[in-house]
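Q: would you be able to build a 3D model of this:
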Amino acid sequence: MAGDKLRYTANRRRFLRDSTLASIGLIAAACAPGTSGTTTGGTTGGAVKKGGEFHGGWPYVLPPAGHWNGYAPNGILTTGIYRHLWMTTLGMYLWNDKKFEYWLAESSGPKSGDNYELKLRSGIKWSDGTAFTAKDVYTTFNIGRLENFTIWQYVDKMNIVDDQTINFHFSRQSSLAERLLLREPTRPDSVYGALSKKTDALIAAGKKAADQEWKDVRTELANLKPTTPLSVGPYKIDTASVTESQLTFVKNPGGYAADRVNFDKVVVYQGETNQISPLVLSGDVDYATHGFTLAVDKAMKDAGIRVARPPLYTGPALYFHWEKAPEFQDVRLRYAVAHAINKQESAAITYGDSGKAQKYMAGFSDNIIADWIGSGDLSKLKEYEFSVAKADQFMKDAGYAKGSDGIYAKGGKKLELELVFPSDFADWASAATHAAESLTKFGIKVTPRGLVNSTQQPEINDGKHAFFVRAWGANTGPHPQYSFIQDLRTHNTTPAGGGMKYPLKQKLPSTGKDIDFDELINRTGDGTDEAKQKAAVTELALAFNELLPIIPLWQRFGNNPINDVKRVAGWPAESDGIYKNPDGDSFAMTLLIRGTIGSK
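A: Below is the predicted model:
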């Protein structure tokens, strides 16, 4: 499947040191201006020139189902990496440098009291010629209030000071707020302003999300179909070029970085992995993020195409429904499952160098765990290495014994399950098949069954399946809270249908201590004291490791082709820190917008 789409619901990240506002005041020193980069170690593909084309790939839906509404599902390139080219954000986060780089924003910092001031660049124009101003930022977040954006858990009002200045008033401090502001796609007031005014009226009248008037405006927003995709970035979509197979971005002369980008055009081929793979191998696509098969990965390398492998901080996991698979309420059975599967083998079969089992089963990526948990507590985490002997002992401890057919049973009831996975996600299908075969060989009879994602996901959210595969972790930022939200809420407490119905109040088997996962998740992001956040993250990770609410199988790394032979020059060397950016904070679009890459 294509790289994770950018969504800002339970969002994210940067952990500020002293206070939300005080640390935001340091952004001016910590952020690099949009004209500078941090690439080091040389480039590949020869000298960079102006002109030419950049070719990429991404799936989109054609009109009339597809549209230009930046707040509704099925928007054409309103999500994913290419929206950076036209729905440009206020800044970009650099994972290696642990700081933001300003884009549409010029500076930001505390004002008076709990106010946060955001200064915008001047001289930027939308593709219809209107000036980019604070009114566009106000409308972007005001419609976000209508849509329950997470930033409104921390901010209670906005105030436009002048065309290039807007203030946000914080009612509650959190180290996650900076990300929510700087990485939100920008939408034009000229398109959404009328709905923003209606939102203001709802707020003034004391209306809430549950009120019918509020729902009516949300429905109006969902039904909005703008006639033109207005751009504030360096490129705009040529609507006449949109076909079933491709579309073309052309220069937006007044947009951000339009004078800095090198390519005259950006061509995006439409399609998922099966459609884009041959275009990569033929040299028609310069860069893609689709999660290519092991065979295609090898073919890319054989063809001399570079393959970037950025960490994605997520991967497939096994989930158990608390009520439909009641045997697995006994944590010893979860331990057995974790030990019975050779997770590194599963990763290697699926992705080769782009799949890695986790050493620490803590609920978030090994790549960032040392930033949050001290070495002493890291040593307490069980690794759940592949060990059939340990798995068997846990089954015996739980009162299970193998019958003549080799299947574990207790009280005359055999342990048999159906594992439901999204069949159109080739990587998760591989992981599910391997897990089913491994567990069946071990003695837990598992039958894999694939459903297309559009069916599987809503069905598991409605609690219809006992055992299923969905994602663990999150690449939304280097703050663990987003991974824990994915692990424990996304397919559990968030869906109206109840999901896996795993109770978030549990008791640790080792100590008998009561644990409230929901409260701990909140504590990991509350306030601005990083030490307190780390303490909450550590407690939560240790509890996750002991209780195994879900079982992460492995972490996916990208296998993103970089063709530096045919059209594009200037790609940094593989050692460059920019490649630590996952697709959500796309290193490719960052390099393109900086003007680092260009035509050969």
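Q: and the gap between A569 and I593?
A: Distance, A569 to I593, using Cβ to Cβ, to the nearest Å: 16 Å. All C-beta atoms are positioned from the backbone trio N, CA, C, and that covers glycine.
Q: which one's more surrounded, those two?
A: Neighbours were counted for A569 and for I593 using other Cβ atoms under 10 Å; I593 has more, 26 against 20.
Q: next secondary structure after whichever helix or strand that one is part of?
A: Here I593, judged by DSSP states H and E, is contained in helix 587-594. Going down the chain from helix 587-594, the next helix or strand is strand 598-599, by DSSP H and E.
Q: that following strand - contacts with which helices or strands?
A: strand 568-569 (3 or more Cβ pairs under 8 Å, 6 or more residues apart in numbering; DSSP states H and E).
Q: average model confidence for the strand it packs on?
A: Strand 568-569 shows a mean pLDDT of 98.
Q: equivalent analysis for stretch 454-470, please.
A: 95.
Q: re the thing from before, could the C-alpha coordinates of the helix holding I593 be exported in CSV?
A: Extracted C-alpha coordinates of helix 587-594, given in CSV (Å, rounded to 0.1, in the frame of the first residue of the first chain):
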residue,chain,number,x,y,z
PHE,A,587,12.2,13.8,2.9
ALA,A,588,11.6,13.7,-0.9
MET,A,589,9.2,16.6,-0.8
THR,A,590,11.5,18.5,1.6
LEU,A,591,14.4,18.1,-0.8
LEU,A,592,12.3,19.1,-3.7
ILE,A,593,10.9,22.2,-2.0
ARG,A,594,14.4,23.3,-0.7
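Q: give me the mean pLDDT for that helix.
A: Helix 587-594 shows an average pLDDT of 98 in the prediction.
Q: buried sites along whichever strand or helix holds A531?
A: Under the criterion DSSP H and E, the helix or strand holding A531 is helix 530-547. Neighbour-count burial for helix 530-547 flags 530, 533-547 (criterion: 16 or more other Cβ atoms under 10 Å).
Q: who are the contact partners of S112?
A: If you count contacts by Cβ atoms under 8 Å, 6 or more residues apart in numbering, S112 has none.
Q: and it, that's in a helix?
A: No - under DSSP: H, G, I helix; E, B strand; the rest coil, S112 sits outside any helix and is assigned coil.
Q: shift numbering so it begins at 234
A: Renumbered: residue one is now 234, and that last one reads S345.
Q: who's in contact with the residue nearest to T363 when sequence neighbours are not counted?
A: Nearest non-adjacent residue to T363, counting by Cβ to Cβ, 6 or more residues apart in numbering: S423, 5.9 Å away. S423 is in contact with 359, 361, 363, 463, counting by Cβ under 8 Å, 6+ apart.
Q: are any of the residues you listed buried, and which?
A: The buried subset of the contacts of S423 - by 16+ other Cβ under 10 Å - is 359, 363, 463.
Q: in JSON lines: those residues, plus secondary structure.
A: Listed next are the buried ones among the contacts of S423 as JSON lines, based on three-state DSSP:
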{"residue": "W359", "secondary structure": "coil"}
{"residue": "T363", "secondary structure": "coil"}
{"residue": "L463", "secondary structure": "coil"}
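Q: could you measure from the residue nearest to T363 over to W359?
A: Noted for S423: a distance of 7 Å to W359, by Cβ to Cβ.
Q: which residues are in contact with both of those two?
A: Both S423 and W359 are in contact with L463, where contact means Cβ under 8 Å, 6+ apart.
Q: and stretch 644-658, what's buried?
A: 648, 650, 652-658.
Q: kindly report the same for stretch 445-459.
A: Here stretch 445-459 shows 447, 450-451, 454, 457, 459 as buried, counting by 16+ other Cβ under 10 Å.
Q: tell me, how many residues neighbour the closest residue to I754 other than its chain neighbours?
A: Once flanking residues are discounted, I754 sits nearest to F717: 4.9 Å by Cβ to Cβ, 6+ apart. Counted with other Cβ under 10 Å, residues neighbouring F717 total 30.
Q: tell me the contacts of K613?
A: By Cβ under 8 Å, 6+ apart, the residues touching K613 are 775, 778.
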